[in-house]
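In: fold the following for me, if possible:
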Amino acid sequence: MERPSNDAIAEALEKTADRLAEREANPHRVQAYRAAAQTARSTEEPLAALLEQGGPEALKELPGIGESLASRIGGFMQTGRLLLLEQLNREFSPKLLFTRVPGIGPELAQRIYDDLNIESLEALEVAAYDGRLEQVEGFGQRRIRAVRAQLNAMLTRQSRRRAHRFRQMQPGRASGTPDAPSVAMLLSVDREYRHRSEFGELPRIAPRRFNPSGKAWLPILNAQRKPWTFTALFSNTARAHQLEKTDDWVVVYCERDGREDQYTIVTETRGDLKNERVVRGREAECRAYYRDRQKQAA
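Out: Predicted structure coming up:
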């Protein structure tokens, strides 16, 4: 049997983490599987080769992989099966998952599952926008709008937590006294992200939202501008898709000494900042930033 690739191992670990999270398992356990998945994706040498050369001990030397996970990964490489994932899949109930969305009770959750044959909150969000949820009895426009809002809040929180975990795993995280990053610093991260995305220099991830094919299309940047650590990626929200701004709006997460902030940077379409990159919510600072640049250029 051909040994699975690092990406295949990471995908199995991520699915396990998703199933554990859906069952509201211990958050530390969920995080352990996500961290191991990220390690698998970021390790250049095939894990199968490491296992062959050094056994489970070689896997345990990698970040985030302890004895239990090394054993499970080793078993997956030997058999192509992750037994815990198979068990969780057998016990998984999308109907119970859907009832976590306020406004969806057991009866509506059953109809969604029966009529649409979907099994995740991300798939439910897509159905809420593409017209399929309207075909399910009990879903009028008012309820669908409420479901969209609830799913957006729930999945945005999940995305922020995933981005935070991704940053936590990056080496050389800076420390200092919490403060807001300057507009100049945020725009610098934005420029680097868009430039490197354009030239294909960044790793790409497969977002869970609005991505039914599971394609790895979303570039992600991890950067440091001391004392801040940044993660940047194009917006993958419903609003960004509706307005066709998924290649313009950039969401920048920043972290310093445990404090987290999030900013969205866009190309302004009107007013005195038209055609400039602007940090939403900090327009006055952006005006001052561009005025200073004009003075320096004069």
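In: show me the contacts for Phe105.
Out: Actually, residue 105 is Gly. It isn't Phe. Contacts for Gly105 (C-beta atoms under 8 Å, 6 or more residues apart in numbering) come out as Thr99. Bear in mind the C-beta positions are built from the backbone N, C-alpha and C, glycine included.
In: need the pLDDT of it.
Out: Gly105 carries a pLDDT score of 92 in this model.
In: what's the separation between it and Gly138?
Out: The gap separating Gly105 from Gly138 is 9 Å, by C-beta to C-beta, to the nearest Å.
In: what does Arg270 give?
Out: Distance of Arg270 to Gly138, given as C-beta to C-beta: 41 Å.
In: which one's more surrounded, those two?
Out: Gly138 (12 against 7; other C-beta atoms under 10 Å).
In: did I read that right, the more buried one in a helix?
Out: No. Counting by DSSP: H, G, I helix; E, B strand; the rest coil, Gly138 falls outside a helix, being coil.
In: pretty sure it contacts Leu108?
Out: Yes. Counting by C-beta atoms under 8 Å, Gly138 touches Leu108, with 5.3 Å between them.
In: where along the stretch 1-150 of the chain do the helices fall?
Out: Assigned by DSSP state H, counting those that start in this stretch, the stretch 1-150 of the chain shows helices spanning 6-22, 27-42, 47-54, 56-60, 67-79, 83-91, 94-98, 106-116, 121-130, 141-168.
In: reformat the ones you listed as TSV; add distance to Ile265 and mean neighbour count.
Out: TSV is the format used below for the helices of the stretch 1-150 of the chain (distance: least, C-beta to C-beta, whole Å; neighbours: other C-beta atoms under 10 Å):
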stretch	distance to Ile265	mean neighbour count
helix 6-22	28	20
helix 27-42	25	19
helix 47-54	36	16
helix 56-60	39	17
helix 67-79	37	17
helix 83-91	38	13
helix 94-98	33	18
helix 106-116	35	16
helix 121-130	24	20
helix 141-168	15	16
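In: wait, which of the ones you listed is closest to Phe210?
Out: Among those, the nearest to Phe210 by C-beta to C-beta is helix 121-130 (6.1 Å).
In: I'd like the helices of the stretch 1-150 of the chain laid out as a markdown table, including distance to Arg209.
Out: Output for the helices of the stretch 1-150 of the chain, formatted as a markdown table (distance: least, C-beta to C-beta, whole Å):
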| stretch | distance to Arg209 |
| --- | --- |
| helix 6-22 | 13 |
| helix 27-42 | 17 |
| helix 47-54 | 28 |
| helix 56-60 | 31 |
| helix 67-79 | 27 |
| helix 83-91 | 21 |
| helix 94-98 | 15 |
| helix 106-116 | 17 |
| helix 121-130 | 5 |
| helix 141-168 | 6 |
